[in-house]
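**Q** below are the sequence and a predicted model; questions follow.
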2 protein chains.
Amino acid sequence: MYIILVYDIEEKRVGKMLKLCRQYLNWIQNSVFEGEITEVKLRELLHRAKGIIKTEKDSIIIFSSRQEKWLDKTILGREKNELDNLL
Amino acid sequence: MYIILVYDIEEKRVGKMLKLCRQYLNWIQNSVFEGEITEVKLRELLHRAKGIIKTEKDSIIIFSSRQEKWLDKTILGREKNELDNLL
């Protein structure tokens, strides 16, 4: 399936979360990721994320769709470039 | 249509952008909004957003879907409460 993941996480935990998400998804904005992922891999990602976040303070929202074609994407302003994704 | 809007905007412009987005959409996370919107209203929102952001520094991404039911939403951790939305 295709997912969009957005997080709002306290600064001290954000590095770990970024690193984790980038193992599964494409980083498209500061705290936004997207990509194709299997249900098994998504469960694994969420399980690992739960080990990082503080549920009373941090927040992760996942939008999922069976098919990417059901979603259109429009970007206004700066696009994340390849260099960012390699950092 | 149903949209998800995420932004990454420099702090000095973020207040204006937040205020603008809340006139059209529901605020669900720090820099994330969602909601039903007509194409005309979305064009209006984007036009007004262009007047706020600096395109070389800021970024707005809009995911749109013809129907909300094509997307599932999962929340991990803290949920934005009603109070936040009233502020």
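**A** Happy to help now that I have it. Numbers count the residues shown, from 1 in each chain, chains lettered A, B, ... in the order given.
**Q** ok, now how distant is the residue of chain A positioned farthest from its centre from chain B?
**A** In chain A, counting by Cα atoms, centre = their mean, residue A:77 sits farthest out from the average C-alpha position, at 20.0 Å. Using Cβ to the nearest Cβ, to the nearest Å, residue A:77 is found at 4 Å from chain B. Using the backbone N, CA and C atoms, a C-beta is placed for each residue, glycine as well.
**Q** how close does that residue get to residue B:4?
**A** With distances taken as Cβ to Cβ, to the nearest Å, residue A:77 is found 17 Å from residue B:4.
**Q** and what of residue A:57?
**A** 23 Å.
**Q** so between the two, which is more surrounded?
**A** Neighbour count, other Cβ atoms under 10 Å in any protein chain shown: between residue A:57 and residue B:4, residue B:4 has more, with 24 against 12.
**Q** you'd agree that one is in a strand?
**A** Yes - counting by DSSP: H, G, I helix; E, B strand; the rest coil, residue B:4 falls inside a strand.
**Q** nearest spatial neighbour of it, chain-adjacent residues omitted?
**A** residue B:63 (4.5 Å; Cβ to Cβ, 6 or more residues apart in numbering or on different chains).
**Q** orientation of the strand or helix carrying that neighbour relative to strand A:59-65 in degrees?
**A** Using DSSP states H and E, residue B:63 falls within strand B:59-65. Orientation of strand B:59-65 against strand A:59-65 (axes from the mean of the first three to the mean of the last three Cα atoms, to 10 degrees) gives an angle of 40 degrees.
**Q** C-alpha coordinates for strand B:59-65, CSV please?
**A** Below are the C-alpha coordinates for strand B:59-65, written out as CSV (Å, rounded to 0.1, in the frame of the first residue of the first chain):
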residue,chain,number,x,y,z
SER,B,59,7.3,24.4,1.2
ILE,B,60,3.7,23.3,1.0
ILE,B,61,2.6,19.9,-0.1
ILE,B,62,-1.0,19.0,-0.9
PHE,B,63,-2.2,15.5,-1.3
SER,B,64,-5.7,15.3,-2.8
SER,B,65,-8.1,12.5,-3.3
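**Q** so for that strand, mean pLDDT?
**A** Averaging pLDDT along strand B:59-65 gives 95.
**Q** what lines up beside it in the sheet?
**A** strand A:72-77 (antiparallel), strand B:2-8 (antiparallel) (DSSP bridges).
**Q** export only the CA atoms of stretch A:31-39, formatted as PDB.
**A** Taking Å, rounded to 0.1, in the frame of the first residue of the first chain, the C-alpha atoms of stretch A:31-39 are listed here in PDB:
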ATOM      1  CA  SER A  31       8.600  15.800   9.000                       C
ATOM      2  CA  VAL A  32       6.800  14.200   6.100                       C
ATOM      3  CA  PHE A  33       7.500  10.800   4.400                       C
ATOM      4  CA  GLU A  34       5.700   8.900   1.700                       C
ATOM      5  CA  GLY A  35       6.100   5.600  -0.100                       C
ATOM      6  CA  GLU A  36       5.000   2.100  -0.900                       C
ATOM      7  CA  ILE A  37       5.100  -0.300   2.000                       C
ATOM      8  CA  THR A  38       3.700  -3.700   2.800                       C
ATOM      9  CA  GLU A  39       1.400  -4.200   5.800                       C
END
